[in-house]
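Trainee: What shape does this take:
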Amino acid sequence: MMENGALVILLLSAIIVAVVTGQGPVDDQQPQFHPGPATHWMNDPNGPMYYKGYYHLFFQYNPTGPNWGDMSWGHIVSKDLAHWTHLPVALSPDKDYDHGGVFTGSATIRDNGTPIIVYTCVGHGQLQCVAEPKNASDPMLVDWEKPPQNPVIAKAPPGGTTGQFRDDTTAWKVSDGSWRMVVGASINGVGSASLWKTKDFYNWTFAAVLANSNSNAGMWECPDFFNAVNDTKGRWILKYSAGGDWYRIGTYDGMEKFTPLTDPIKYDYGHFYASKRFYDPVKGRQILYGWSSEEDKDASKRGWQGHQTLPRSVMIDDELNMLVLNPVEELQLLRKNHTNVTDIKSIGPGTVQLLEGVKGLQLDIILVVKIPAGQSTRVGLAVRTSQDLKTMTSVVVGDENLHGPLNNTDMPGDDYKNFNYAAGSHDDDNADNCSAQCAAEAECVAWTYVRAGDPHNPRCALKNSLPALRSSTCCVSGTKKNGVVSSLTVNRTLTGGDGPAGLVRAPLPMKSSDTELTLRVLVDHSMIEAIAQNGRSCVTSHIYPDASNAGVAMVNFGSAVVEVVSLDIYTMDSCWVE
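Mentor: A predicted model of the protein is given here:
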């Protein structure tokens, strides 16, 4: 199906059969190879680490029901990052200082080789507390205890408040032998990364504000601060959660100063938040998890809400000066039946090419195509399709002309310049002027005109990269006139079910040396992870069609015939080992 509505359907004979083993789902929407609890509510990933042969992942968890509340730490373990086992709840709100919830935190391996958890304890405001294993010789780390020194940080940073002070990072050691840790905060009303220091994890002192927002973001949640292990230039990454998960690459003086070298960039332009990473000593890499919440109206009625994304390796791309995020290679252990589709040599423009007999609710699909020289390319996959293709979710990569104006559309983030218009000025004229300003500036890629709203005058935001589009009645957006941008797009217009419709777009940075487009789509019942160009662009999304809609198709929404290099489809096993 072309994006303008034209339809060509070609049936092929590639056949695979979905195989689902292991713990069965609560219903046909529940993901089965993504980490998460069997039932009830789950949100932020907490305290990931590797310890005595096991990968541990904790998470915000309500053990009593499918809605947020009674915040505790759920706990699962894995030997290989692919197969997981549920363990008992690790931390509960059972002390006076955390009776309001055991909120997000992190784990650090100390010099003696044992872990310590620093978490936000909510009882008398948001303070910081610690927990230690009762038996450090137990590789499963089932039992934890809270020492009498809690809370170990009992006041907010200067200019802050204990109502907005949470989400501790993993600590790191500096040259004087002490440790540093970041806690998210609102300082003087500005989202900030507050930096703290200690020698023993029980006595902490405020050190500095490592970084803060250059906008009016009032709170930075779930910060992270770490080095890129493959980077020869010694750069560090500061990440925070505020309307999405954003990171900046910069330099760190080894003590208290971070100097950003990039503008904020999103990890993932879909439903992805509160991410946390850890260092894997087995393979010398940084691994990232993110929380993906449900997007349908009846989520709580199913008895479960939320999953973690698949673990992704975090690497830096020197040429693009950005991070690339790819699912860890261990996930190949979950692959079952494999179909290498060899009878598709090319796909013509305006085509949806249904793979007859290809069905599955748990799939890993990898498509590689040649980029046709000098022609527009917009190609990809449709998943969870019906046989008649009236129901489908398309995931496409390539060129897209979005010059607009796109009414009721926002492009949040990536601003390099903002300027106001006079109160009472005409919206249509202002939007035209904003578009013209973008066209006149070499740095500008996209623009958003924000209509007047109390207490703000109308304004124009010029952007130096392409943010994801969002529906918003406050805005009109577009790109440079006749400018073609590369993007990864998940189109849920024909998805069906009671989930969200519309498009989710992510910018797709390209290199002059690129000759191929690569798209990987992981389908796990209602959850989709789309990854383009080997981790340069990511979109996590949710769809809720009927389980009978399990087909796969190739799509070409561009204007050129596209040569197919390879198309590999794997069924995926459950990740649960109980």
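Trainee: Please count neighbours and contacts with C-alpha atoms only from this point.
Mentor: Fine.
Trainee: can you give me the strands in the stretch 451-578 of the chain?
Mentor: 459-463, 470-479, 484-491, 503-507, 516-524, 527-532, 537-542, 551-556, 562-572 (DSSP state E, counting those that start in this stretch).
Trainee: The longest one packs against which elements?
Mentor: Counting contacts by 3 or more Cα pairs under 8 Å, 6 or more residues apart in numbering; DSSP states H and E, strand 562-572 packs against strand 335-340, strand 346-347, strand 362-370.
Trainee: Next, the angle strand 335-340 makes with the helix or strand following the second one.
Mentor: Spelled out, that is strand 346-347. Sequence order places strand 351-359 as the next helix or strand after strand 346-347, per DSSP states H and E. Counting by axes from the mean of the first three to the mean of the last three Cα atoms, to 10 degrees, strand 351-359 lies at 140 degrees to strand 335-340.
Trainee: CA atoms only: put strand 351-359 into CSV for me.
Mentor: Extracted C-alpha coordinates of strand 351-359, given in CSV (Å, rounded to 0.1, in the frame of the first residue of the first chain):
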residue,chain,number,x,y,z
THR,A,351,3.7,-2.1,-3.4
VAL,A,352,2.7,-4.1,-0.4
GLN,A,353,4.2,-7.5,-1.0
LEU,A,354,2.5,-10.0,1.4
LEU,A,355,4.5,-13.0,2.4
GLU,A,356,1.9,-15.8,2.2
GLY,A,357,2.0,-18.1,5.1
VAL,A,358,4.4,-16.0,7.1
LYS,A,359,2.8,-15.5,10.5
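Trainee: name the helices or strands packed onto that strand?
Mentor: Of the remaining helices and strands, those touching strand 351-359 by 3+ Cα pairs under 8 Å, 6+ apart are strand 551-556.
Trainee: Now do the strand it packs on: distance to the chain's middle.
Mentor: 25 Å (Cα atoms, centre = their mean, to the nearest Å).
Trainee: same check, this time on stretch 204-220
Mentor: Averaged over its C-alpha atoms, stretch 204-220 has a centre that lies 22 Å from its chain's centre (Cα atoms, centre = their mean).
Trainee: still on that earlier bit, and the strands of the stretch 451-578 of the chain, which one's lowest on average pLDDT?
Mentor: Lowest mean pLDDT of those: strand 470-479, a mean of 76.
Trainee: returning to that earlier point: want to try TSV for the strands of the stretch 451-578 of the chain, with mean neighbour count and distance to residue 375 as columns?
Mentor: As requested, the strands of the stretch 451-578 of the chain are arranged in TSV below (neighbours: other Cα atoms under 10 Å; distance: least, Cα to Cα, whole Å):
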stretch	mean neighbour count	distance to residue 375
strand 459-463	24	26
strand 470-479	21	19
strand 484-491	23	11
strand 503-507	22	19
strand 516-524	22	13
strand 527-532	25	19
strand 537-542	25	22
strand 551-556	26	13
strand 562-572	21	10
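Trainee: winner for burial among the helices and strands packed on strand 562-572?
Mentor: Of the helices and strands packed on strand 562-572, the one with the most neighbours on average (mean count of other Cα atoms under 10 Å) is strand 362-370, at a mean of 22.
Trainee: Adjacent strands (with direction) for that strand?
Mentor: Strand 362-370 pairs in its sheet with strand 516-524 (antiparallel), strand 562-572 (antiparallel), by DSSP bridges.
Trainee: Can you tell me how far the closest residue in space to residue 147 that isn't next to it in sequence is from residue 566?
Mentor: Spatially, and ignoring its direct neighbours in sequence, residue 147 is nearest to residue 131 (6.7 Å; Cα to Cα, 6 or more residues apart in numbering). When distances are taken as Cα to Cα, to the nearest Å, residue 131 and residue 566 turn out to be 49 Å apart.
Trainee: Out of the helices and strands packed on strand 562-572, the one nearest residue 100 is which?
Mentor: strand 362-370 (37.7 Å; Cα to Cα).
Trainee: Next, the angle strand 551-556 makes with the very next helix or strand once past that closest one.
Mentor: Using DSSP H and E, the helix or strand that directly follows strand 362-370 along the chain is strand 378-385. Computed by the same axes, to 10 degrees, the angle separating strand 378-385 from strand 551-556 equals 160 degrees.
Trainee: which residues in the chain form helices?
Mentor: Listed in chain order, the helices of the chain (DSSP state H) span 427-440.
Trainee: which sections of it are below the confidence cut-off?
Mentor: Of all residues in the chain, those with pLDDT under 70 make up the ranges 1-25, 214-217, 401-402, 453-455, 467-473, 481-485.
Trainee: Which residue of it lies farthest from its centroid?
Mentor: Relative to the C-alpha centroid of the chain, counting by Cα atoms, centre = their mean, residue 424 is the outermost residue, at 39.0 Å.
Trainee: Give me the distance between that residue and residue 432.
Mentor: Noted for residue 424: a distance of 16 Å to residue 432, by Cα to Cα.
Trainee: What of residue 231?
Mentor: In this view, residue 231 and residue 432 are 43 Å apart by Cα to Cα.
Trainee: repeat for residue 341
Mentor: When Cα to Cα is applied, the distance between residue 341 and residue 432 equals 48 Å.
Trainee: Kindly report the same for residue 324.
Mentor: 36 Å.
Trainee: When these two are compared, which one has more neighbours?
Mentor: residue 324 (21 against 13; other Cα atoms under 10 Å).
Trainee: partner residues bridging that one?
Mentor: What pairs with residue 324, by the bridge criterion (DSSP bridges), is residue 315.
Trainee: Could you double-check that it lies in contact with residue 317?
Mentor: Yes: with contact defined as Cα atoms under 8 Å, residue 324 counts as touching residue 317 (6.6 Å).
Trainee: Name all residues that make contact with the nearest residue to residue 144 once chain neighbours are set aside.
Mentor: Once flanking residues are discounted, residue 144 sits nearest to residue 133: 4.3 Å by Cα to Cα, 6+ apart. When contacts are counted by Cα atoms under 8 Å, 6 or more residues apart in numbering, residue 133 is found next to 115-116, 141-145.
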